[in-house]
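Q: structure of the sequence below:
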Amino acid sequence: MAPAAARIRLHPGRCRDVLAEIEPDGADAVFLAPMFDAPRAAPPGYPLFRAVAVHDPLDRATVAEALRVAPRLAVKVPAGAPVPVALERRRLEHVEGRAVDYWVARRTG
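A: Numbers count the residues shown, from 1 in each chain. You can find the predicted model right below:
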C-alpha cells in the first residue's frame with residue numbers, strides 16, 4: 001500500500017454527525033462526494049449503492065464543520081457544475097476532471 005493511502009481514514013455515516021465527532025484539526029483534509037441530483041452513467045451495481053446512500057444536500061453548516069476539522073475541504077461535483085451554494089463566498093480552487101470536477105476550499109484566518 002502506498003504511504004499516502006495508509007494515512008487515509010474513512011468515516012461512514014452522515015457527514016455532519018461524523019465530523020462532529022472529530023476533534024478540531026483532527027484531519028489534514030475532508031473530501032465530500034454528495035450524490036448528484038441527476039445521476040450519470042454508472043458501473044453495474046451502482047444503482048443499489050445510490051438507493052442506500054444518504055442524499056442530504058451540502059449545506060453551509062456542514063462546510064463550516066468540515067473546515068473546523070481540517071484546513072482543506074474538497075467537494076466532488078458533476079463536470080461543469082457551478083459552485084455549490086454552500087461554498088459561495090469562500091475562496092475556492094476549481095479542479096476540472098473528465099467526468100467530475102472538484103471545488104476546494106481552504107480555512108481562512
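
Q: contacts, neighbours, all on C-alpha from now
A: Will do.

Q: V104 belongs to a strand, doesn't it?
A: Yes. Secondary structure of V104 (DSSP: H, G, I helix; E, B strand; the rest coil): part of a strand.

Q: and it, bridged to which residues?
A: With DSSP bridges as the criterion, V104 is bridged to A74, E93.

Q: helices of the protein, start to end?
A: 3-6, 15-20, 46-52, 60-69 (DSSP state H).

Q: and G26, which of those helices is closest to it?
A: Across these, G26 has its closest neighbour in helix 60-69 (5.5 Å, CA to CA).

Q: could you list the single helix or strand in the chain with the lowest mean pLDDT?
A: Sorting the helices and strands of the chain by mean pLDDT, DSSP states H and E puts helix 46-52 at the bottom, at a mean of 74.

Q: can you name the residues in contact with that one?
A: Helix 46-52 has contacts (CA atoms under 8 Å, 6 or more residues apart in numbering) with M35.

Q: closest to V104 out of the helices of the chain?
A: helix 60-69 (11.0 Å).

Q: what comes up buried for the closest one?
A: T62, V63, A64, E65, A66, L67, R68, V69 (16 or more other CA atoms under 10 Å).

Q: same question for stretch 78-89.
A: Buried residues in stretch 78-89, counted by 16+ other CA under 10 Å: P78, V83, L87.
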